[in-house]
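Participant: Compute the structure for the input listed below.
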Amino acid sequence: MKGESINLQESATILQQISNVCMKYNLRTPLIKRHFLYNPEHKSMYCWIRKVASTSFTKLFADMKNRPPTRNYYKEVDSLTVRTLKKLQLLSNNTKIFKLLVVRDPFQRLVSSYRDRIADNSKYTAQAWIYTEKIFRLTRPELFHSNTTTGNFQQKVFTSDKRLKIVPTFKEFLVWLLQSSEKDDVHWVQYYSHCAVCNIRYNYVLKLDDYTYGQINYIFSKFGLDKNKVYFTTLGETQGGHTNFDTTCKYFANLTQDIVLKLHEKYKIDFEMYNYNINYYMNCATKKF
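Facilitator: Alright, predicted model coming up:
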């Protein structure tokens, strides 16, 4: 991680860009109570985004509330949010509350989500259990032909403890994602709609791609925390290793540029709001169309 330097102008520029994009597309992004953690003592609010250091920041809010240690911080969310939507609406307009948003490159987050929630068959995940059948109905319909030798779909694809025997490829996952009409899972939903960025004036945006000690310390100071007394895990690390640009590019190497463009269309508002660039990924795709 880089040093102590911090550029508040960079965050201010992003915040202005968010406002500009909201106006450009006339966006309205409703508040969803469960997406926001709040600590009244520290006058702090944070919108969690899965696969964007959400575990680290949820743990931090749990520590701020002196919650007992737990291995599953997903379950901590309900105890750390506000009680009513009306209360959240009031807090979101309160200029004395420090409001934090954390983002990362949308495509790197998407690959990270795929690796952790679909491809890692060493564990059960709700996403693999729910979406693999939907993916394979599009990409491998032959798996649904049952017989006494191979069994039915569940027997072919899942172990008895609901882990995957057959893992959908990243391309298969995207083929399904791009045509799906159902509400996106929180692991790959767009940032702008998940965190109500057009309805809330955030105070600071942390880009996970190249954050510094200085930025983390700045956030701690705004949270009213002593950096020397807070344990904070390294951001961006998962069991399968950090998903950076090089890792993401390898996954995109099996995609056509046409798929990359369609994927960008799905996430273009996030790309535009936070100044991410699709061109790098177009170069990763080995096939033109």
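
Participant: Identify the residues contacting residue 164.
Facilitator: 118, 121, 128, 132, 157, 158 (Cβ atoms under 8 Å, 6 or more residues apart in numbering). For the C-beta atoms, the positions are set from N, CA and C on the backbone; glycine is no exception.

Participant: what's across from it in the sheet?
Facilitator: Counting by DSSP bridges, residue 164 is bridged to residue 158.

Participant: Could you find the closest non-adjacent residue to residue 108?
Facilitator: Distance criterion Cβ to Cβ, 6 or more residues apart in numbering; nearest residue to residue 108, sequence neighbours excluded, is residue 248 at 4.8 Å.

Participant: Return the distance of the one you found relative to residue 254.
Facilitator: 12 Å (Cβ to Cβ, to the nearest Å).

Participant: higher neighbour count, those two?
Facilitator: Each of residue 248 and residue 254 has its neighbours counted (other Cβ atoms under 10 Å); residue 248 has more, 22 against 15.

Participant: My guess is that one contacts residue 109. True?
Facilitator: No: look at residue 248 against residue 109 with Cβ atoms under 8 Å: they stay out of range, at 9.2 Å.

Participant: What number of residues are in the vicinity of the nearest residue to residue 152 once chain neighbours are set aside?
Facilitator: The shortest distance from residue 152 to any non-neighbouring residue, by Cβ to Cβ, 6+ apart, is to residue 146 (4.4 Å). For residue 146, the neighbour count with other Cβ under 10 Å is 13.

Participant: Any figure for the gap between residue 146 and residue 167?
Facilitator: 21 Å.

Participant: about what we covered before: moving C-terminal from the helix or strand the residue nearest to residue 108 falls within, which element do we reach first?
Facilitator: With elements taken from DSSP states H and E, the one containing residue 248 is helix 245-252. Going down the chain from helix 245-252, the next helix or strand is helix 257-273, by DSSP H and E.

Participant: Can you give me the buried ones in whichever helix or strand comes after that following helix?
Facilitator: Counting by DSSP H and E, the element after helix 257-273 in chain order, helix or strand, is helix 279-284. By neighbour count on 16 or more other Cβ atoms under 10 Å, the buried set for helix 279-284 is 281, 284.

Participant: Same check on stretch 165-172?
Facilitator: 167, 168, 170, 172.

Participant: Quick one: those residues as JSON lines, columns for pLDDT too.
Facilitator: As requested, the buried residues of stretch 165-172 are arranged in JSON lines below (pLDDT from 0 to 100):
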{"residue": "167", "pLDDT": "98"}
{"residue": "168", "pLDDT": "98"}
{"residue": "170", "pLDDT": "98"}
{"residue": "172", "pLDDT": "98"}
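
Participant: Go through those and say which is closest to residue 273.
Facilitator: residue 170 (24.7 Å; Cβ to Cβ).

Participant: and that closest one, what does it touch?
Facilitator: Residue 170 touches 111, 114, 119, 251, 254, 255, counting by Cβ under 8 Å, 6+ apart.

Participant: can these go into CSV with extra columns for distance to residue 286?
Facilitator: Output for those, formatted as CSV (distance: Cβ to Cβ, whole Å):
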residue, distance to residue 286
111, 16
114, 19
119, 20
251, 12
254, 7
255, 8
